[in-house]
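S.K.: Need a 3D model of the following:
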Amino acid sequence: MVLENPHGAFETPSKSTSRFNVPAIPEDESPSARIERLGRERPSAFSNLWTEIFCLFGIIMSQFLTEFFVSGFTVILPPLARELEIPQASRVWPATAFSLVISSTLLIFGRLGDMWGGYPVFFAGLAWLAIWSLIAGFSSSPVMLDICRALQGLGAAAFLPTGVMIIGSLYRPGPRKNLVFAIYGTAGVLGFFGGIAIAGLVGQFLHWSYYFWIGAALAAITLTASILAMPYSALANDSRKKVKMDYLGAICIVCGLVLTIFSITESAHASSGWKTPYVLVIFLLGIMFLAGMWYVERNVASDPLLPASLFAVKSMTPLLIALLLLYGTWGIFSVNGSLFFQNVLSASPLQVVVWYIPIGVVGLVVSIIEGYILHLIPGHVLMIISGLAAVGSQLLLALIPPGGGSYWAWIFPSAILSTIGIDLSTILMTVFITTVVPSSQQGLAGGVLNSVLQLGVALVLGLTDIIQSDMVKDRGLEQSYKATFWFGVGIAGASLIILIIWGRIPKAVSSLTADEEQEQASSS
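M.R.: Residues are numbered from 1 along each chain as shown. Sure, this is the predicted structure:
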């Protein structure tokens, strides 16, 4: 792994290197100066700045769409549930099906990207999302809605890892890559706010179906721009042909995650909770499949979905655990927080939209600033700041006085801190993981990263649903939501401790790519 130190001497030929498609090297340029220059230049795959902008627009919008369909659905759910007559205990499923399907299939689509190249999988995911978003707007029953939401998740699971893969393969380690991934991370925050804003306007003035149809239109526009702008020859890599699908591992991970999270979420609404026989049986089956996945990946699969080499990178495992917990706190803020504002503080959908405006503004500013400072400030410092912000956000929600108190004293700073908490960590981890893996595993990098994020949301929301459902009977609605916020304080604190001890990510400076490191090592 090289993020901070370019290994000193790096012998290079005087002509262009075809394998890495870099321009000719001036004879008087030192190796370190060359690496620094390439880390700042526009990739040669783009003929001009406009092709780069439109290519990035497609990838960035894919991140926007994912958060759009997570956050906005929470706002549109109350009128939708009334019309489709969805019982209170069943409303959790259309809300979580999207993230659950994404988290359980991301590694599979990441592997398909490594096998077939990123572009076809990315395009197919956008097209699939557009189709099922359009159909979701015509839902006439809870079952149809649940199916549409789950199938929407398959589209996002296809384009999320391959989007990261395309960026990671096009850009060398350095300031330009840092800025691109910072903008990519901002799109998630803007998608969160955009989903809430559009859902709020739709809920106030239109039928709920328009929320899905607007999302379908945005997906179609994104697909069109992506097809027209992306440099198709840039990701040619013969090593991908050698990668095979780990079918047994894929079956185990999908079944294990779906069954485990389903049982956790369902236990909150089953007649006897965890004592309900089918809940316990499903949970045990899920654990068995996850144990099977661990065995298969370590002992059976020739091309495992989760290769041991990824976790051999220093601090990778604790960093991923910390990121899972951090993104889980974002799920608490975005879902439980939104419900708390509407159901307890009696905020209208449009009022919630206004309250969340700082999220979009601060998210944009923080992400761009981070893109410019990743090569200047050690990642360890930024990760600790991220953990502290997540703790502060959850603590403010947990301590809101009865009646809500002042927006500017409680909700406003909580929204800002929550944005900082996820922005700093996810952008930094995206740059880190796509830098330490070779081009043949960029799909794996995108799959692992996004799987951790989406799994964090699905798992933590399942646990908070148990807490809220259990406490509302005895403590009332307000205190039941407060309990979920205190739970958020706990997991954010655990994440902070992990980051303080193990989150030692260096500065993201210009350096050799992972492929160049391997080539240099083999030739020395």
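
S.K.: for Ser62, what are its contacts?
M.R.: With contacts taken as C-beta atoms under 8 Å, 6 or more residues apart in numbering, Ser62 has the following neighbours: Phe122, Gly125, Leu126, Ala156, Phe159, Leu160, Gly163, Thr222. C-beta here means a position set from N, CA and C on the backbone, and glycine is covered the same way.

S.K.: please redo it, this time with the cut-off set to 7 Å
M.R.: For Ser62, the set of contacting residues under the criterion of C-beta atoms under 7 Å, 6 or more residues apart in numbering consists of Leu126, Phe159, Leu160, Gly163, Thr222.

S.K.: give me the element it is part of.
M.R.: Taking DSSP states H and E as the criterion, Ser62 maps to helix 49-84.

S.K.: Who are the packing partners of the helix or strand following that helix?
M.R.: The element immediately downstream of helix 49-84 (helix or strand, assigned by DSSP H and E) is helix 92-116. In this structure, helix 92-116 packs against helix 49-84, helix 118-136, helix 142-170, helix 247-266, helix 442-475, with contacts taken as 3 or more C-beta pairs under 7 Å, 6 or more residues apart in numbering; DSSP states H and E.

S.K.: Helices of the stretch 251-400 of the chain, start to end?
M.R.: According to DSSP state H, counting those that start in this stretch, the stretch 251-400 of the chain carries its helices in the segments 277-299, 308-311, 316-331, 338-343, 349-355, 357-373, 379-398.

S.K.: Output those helices in JSON lines; the columns should cover mean pLDDT, mean neighbour count and distance to Gln204.
M.R.: As requested, those are arranged in JSON lines below (pLDDT from 0 to 100; neighbours: other C-beta atoms under 10 Å; distance: least, C-beta to C-beta, whole Å):
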{"stretch": "helix 277-299", "mean pLDDT": "89", "mean neighbour count": "16", "distance to Gln204": "38"}
{"stretch": "helix 308-311", "mean pLDDT": "77", "mean neighbour count": "13", "distance to Gln204": "46"}
{"stretch": "helix 316-331", "mean pLDDT": "89", "mean neighbour count": "24", "distance to Gln204": "25"}
{"stretch": "helix 338-343", "mean pLDDT": "83", "mean neighbour count": "20", "distance to Gln204": "13"}
{"stretch": "helix 349-355", "mean pLDDT": "80", "mean neighbour count": "18", "distance to Gln204": "6"}
{"stretch": "helix 357-373", "mean pLDDT": "79", "mean neighbour count": "18", "distance to Gln204": "16"}
{"stretch": "helix 379-398", "mean pLDDT": "93", "mean neighbour count": "23", "distance to Gln204": "25"}
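
S.K.: looking at these, which is closest to Thr419?
M.R.: When the helices of the stretch 251-400 of the chain are compared for distance to Thr419 using C-beta to C-beta, the nearest one is helix 357-373, at 4.6 Å.

S.K.: re earlier: for the helices and strands packed on helix 92-116, state which one has the densest average packing.
M.R.: Of all those, helix 142-170 carries the top mean neighbour count, a mean of 25, counting by mean count of other C-beta atoms under 10 Å.

S.K.: which strands and helices sit next to that one?
M.R.: With contacts taken as 3+ C-beta pairs under 7 Å, 6+ apart, helix 142-170 sits against helix 49-84, helix 92-116, helix 118-136, helix 175-205, helix 411-436, helix 442-475.

S.K.: Mean pLDDT and distance to Cys148 added to the ones you listed, as a markdown table?
M.R.: Rendered in a markdown table, the data for those read as follows (pLDDT from 0 to 100; distance: least, C-beta to C-beta, whole Å):
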| stretch | mean pLDDT | distance to Cys148 |
| --- | --- | --- |
| helix 49-84 | 87 | 11 |
| helix 92-116 | 84 | 9 |
| helix 118-136 | 94 | 4 |
| helix 175-205 | 84 | 16 |
| helix 411-436 | 85 | 27 |
| helix 442-475 | 82 | 18 |
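
S.K.: List just the one of the ones you listed that sits closest to Asp303.
M.R.: Ranking the helices and strands packed on helix 142-170 by their distance to Asp303 (criterion: C-beta to C-beta) puts helix 92-116 first, at 8.1 Å.

S.K.: chain center to that closest one: distance?
M.R.: 11 Å (C-alpha atoms, centre = their mean, to the nearest Å).

S.K.: Kindly report the same for stretch 249-259.
M.R.: Its chain's C-alpha centre lies 19 Å from the corresponding centre of stretch 249-259 when counted by C-alpha atoms, centre = their mean.

S.K.: For it, list the C-alpha coordinates in CSV.
M.R.: As requested, the backbone C-alpha atoms of stretch 249-259 are provided in CSV (Å, rounded to 0.1, in the frame of the first residue of the first chain):
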residue,chain,number,x,y,z
GLY,A,249,-20.0,-17.8,-1.6
ALA,A,250,-22.6,-15.7,-3.3
ILE,A,251,-25.5,-18.0,-2.3
CYS,A,252,-24.2,-18.0,1.3
ILE,A,253,-23.7,-14.3,1.7
VAL,A,254,-27.1,-13.4,0.1
CYS,A,255,-29.0,-15.9,2.2
GLY,A,256,-27.1,-15.2,5.3
LEU,A,257,-27.6,-11.4,5.2
VAL,A,258,-31.2,-11.4,4.1
LEU,A,259,-32.3,-14.1,6.7
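
S.K.: returning to that earlier point: now the helices and strands packed on helix 142-170 as a markdown table including distance to Leu395?
M.R.: Converted to a markdown table, the helices and strands packed on helix 142-170 look like this (distance: least, C-beta to C-beta, whole Å):
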| stretch | distance to Leu395 |
| --- | --- |
| helix 49-84 | 22 |
| helix 92-116 | 25 |
| helix 118-136 | 36 |
| helix 175-205 | 21 |
| helix 411-436 | 8 |
| helix 442-475 | 16 |
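
S.K.: so which of those gets nearest Gly371?
M.R.: When the helices and strands packed on helix 142-170 are compared by C-beta to C-beta, helix 175-205 sits nearest Gly371, at 3.0 Å.

S.K.: Which positions within the next helix-or-strand element following the closest one qualify as buried?
M.R.: Using DSSP H and E, the helix or strand that follows helix 175-205 in sequence is helix 209-229. Neighbour-count burial for helix 209-229, with 16 or more other C-beta atoms under 10 Å as criterion, is recorded at 209-216, 218-220, 222-223, 225-226, 229.

S.K.: neighbours around the residue nearest to Met471 when sequence neighbours are not counted, how many?
M.R.: Nearest residue to Met471 in three dimensions, chain neighbours excluded: Ser480, at 4.1 Å (C-beta to C-beta, 6 or more residues apart in numbering). Residues contacting Ser480 under the criterion other C-beta atoms under 10 Å number 21.

S.K.: helix/strand/coil for Ser480?
M.R.: helix (DSSP: H, G, I helix; E, B strand; the rest coil).

S.K.: Who are the contact partners of it?
M.R.: Contact partners of Ser480, counting by C-beta under 7 Å, 6+ apart, are Gln468, Met471, Val472.

S.K.: Identify, from the buried residues of helix 209-229, the entry nearest to Ile253.
M.R.: The shortest approach to Ile253 among the buried residues of helix 209-229 belongs to Ala219, at 26.2 Å (C-beta to C-beta).

S.K.: In space, what's closest to that closest one - neighbours in sequence excluded?
M.R.: Ala130 (3.8 Å).

S.K.: Repeat that for Leu106.
M.R.: Leaving out its chain neighbours, Leu106 is closest to Ser451 (C-beta to C-beta, 6+ apart), at 3.9 Å.
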